[in-house]
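Participant: Predicted model follows, preceded by the sequence.
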Amino acid sequence: MWVTLSLIALIIAAICWIIGDALIVGFTRPNPETHGEFIERMGDDAYAFQLEASDKRLLVGALIADYSVPLLLLGLYAHGYLVRDSIIGLVGVVMMGIGISLSPLAHAGFYPIGLIGQRAWAEFQEGRDMDYSIRHARSLMRFLKLAWIPAVGLTFIGGLVFAVPVVLGHTAFPWWAVLFLPIVWMIPLSFLPKIPYPGKPLLDGAQFNLALLGWAIAFLVLSQSYAPL
């Protein structure tokens, strides 16, 4: 029962993160003709994706994911139970837990990026001096990367380590269950951003969470078919 509840929590969390990504990143591609010079001055097109977003949309996008992090952590119970007889697998689960614990700061960091981008865009349109906003924006981007890279890196490496006992058949699942892991799903999903807009911005931001949702559903189905889960 606890494994099932853990996986349901993981599914809900993955959906919350996909919604959060959609609200943060949006669906509108920055127009090269309209935003090209602005992006060049800012030094990154990340500031141009949220120019039309309301403060409420950005706020909800940041918080809906952050508030679902306890559900993500609860989702690790099923992973730990699956690899309970593998030290390597448990190390992977711990690493994923640390990465997930760091993720709220990384995700919420996109909220001030959106706000400073809008401020700089207003200054750009009005022909006002942008130097302070540019410096501020780059400081926020540096902070975002320092928060984002460890969170994503630890989660990804933890996922790789977790996959070892699965692919070796040291769990209740067949070895081919590894094909449903997020790190494997990321391979085909990495090609999805090549589809025409308006899908690309969302897919740029939500690839991992789409892969996580697929894995959570597959895990739930497999757990009903292979004992003792």
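Facilitator: Noted; the coordinates are in hand. Residues are numbered from 1 along each chain as shown.
Participant: So which residues of this structure form helices?
Facilitator: All helices of the chain, identified by DSSP state H, fall at 2-25, 32-42, 55-66, 69-82, 87-108, 110-126, 131-167, 182-189, 199-225.
Participant: which stretch among the ones you listed comes nearest residue 175?
Facilitator: The closest of the helices of the chain to residue 175 is helix 131-167. By Cβ to Cβ, the value is 5.6 Å. Backbone N, C-alpha and C define where each C-beta goes, glycine included.
Participant: Check the offset of that closest one from the chain's centre.
Facilitator: 10 Å (Cα atoms, centre = their mean, to the nearest Å).
Participant: If we go by neighbour counts, what in it is buried?
Facilitator: Using 16 or more other Cβ atoms under 10 Å as the burial criterion, the residues of helix 131-167 that qualify are 133-134, 137, 140-141, 144, 147-148, 150-151, 154-156, 158-159, 161-166.
Participant: by how many degrees do it and helix 110-126 diverge?
Facilitator: 150 degrees (axes from the mean of the first three to the mean of the last three Cα atoms, to 10 degrees).
Participant: Any stretches of the chain with poor pLDDT?
Facilitator: 192-205, 227-229 (pLDDT under 70).
Participant: Please determine how far residue 102 is located from residue 125.
Facilitator: From residue 102 over to residue 125 the distance is 36 Å, taken as Cβ to Cβ, to the nearest Å.
Participant: Please read the previous query as pertaining to residue 55.
Facilitator: 18 Å.
Participant: same question, residue 220
Facilitator: Distance from residue 220 to residue 125, by Cβ to Cβ: 49 Å.
Participant: Give me the more crowded residue out of those two.
Facilitator: Neighbour count, other Cβ atoms under 10 Å: between residue 220 and residue 125, residue 220 has more, with 18 against 10.
Participant: Next one: the more buried one relative to residue 155, how far apart?
Facilitator: Taking Cβ to Cβ, one finds residue 220 at 20 Å from residue 155.
Participant: The closest residue to residue 182 other than its chain neighbours: what's it in contact with?
Facilitator: Closest residue in space to residue 182, ignoring its immediate chain neighbours: residue 211 at 3.9 Å, by Cβ to Cβ, 6 or more residues apart in numbering. Contact analysis of residue 211 by Cβ atoms under 8 Å, 6 or more residues apart in numbering lists 182, 183, 185, 186, 189.
Participant: need the contact list for residue 168.
Facilitator: By Cβ under 8 Å, 6+ apart, the neighbours of residue 168 are residue 175.
Participant: Check residue 108 too.
Facilitator: 62, 63, 66.
Participant: If we use 7 Å, what do you get?
Facilitator: By Cβ atoms under 7 Å, 6 or more residues apart in numbering, residue 108 lies in contact with 62, 66.
Participant: likewise residue 184?
Facilitator: Counting by Cβ under 7 Å, 6+ apart, residue 184 makes contact with residue 178.
Participant: Can you tell me how far it is from residue 225?
Facilitator: Distance from residue 184 to residue 225, by Cβ to Cβ: 19 Å.
Participant: swap in residue 84?
Facilitator: 19 Å.
Participant: Have a look at the two and say which one is more surrounded.
Facilitator: residue 84 (13 against 10).
Participant: For that one, which non-adjacent residue is closest in space?
Facilitator: residue 90 (7.2 Å).
Participant: Residue 143 now?
Facilitator: residue 109 (6.4 Å).
Participant: The one you found - how many residues pack around it?
Facilitator: 19.
Participant: same deal with residue 218?
Facilitator: 17.
Participant: Tell me, how many residues neighbour the spatially closest residue to it that is not a sequence neighbour?
Facilitator: When the adjacent residues along the chain are set aside, residue 218 lies closest to residue 180, with 3.8 Å between them (Cβ to Cβ, 6+ apart). By other Cβ under 10 Å, the residues close to residue 180 number 19.
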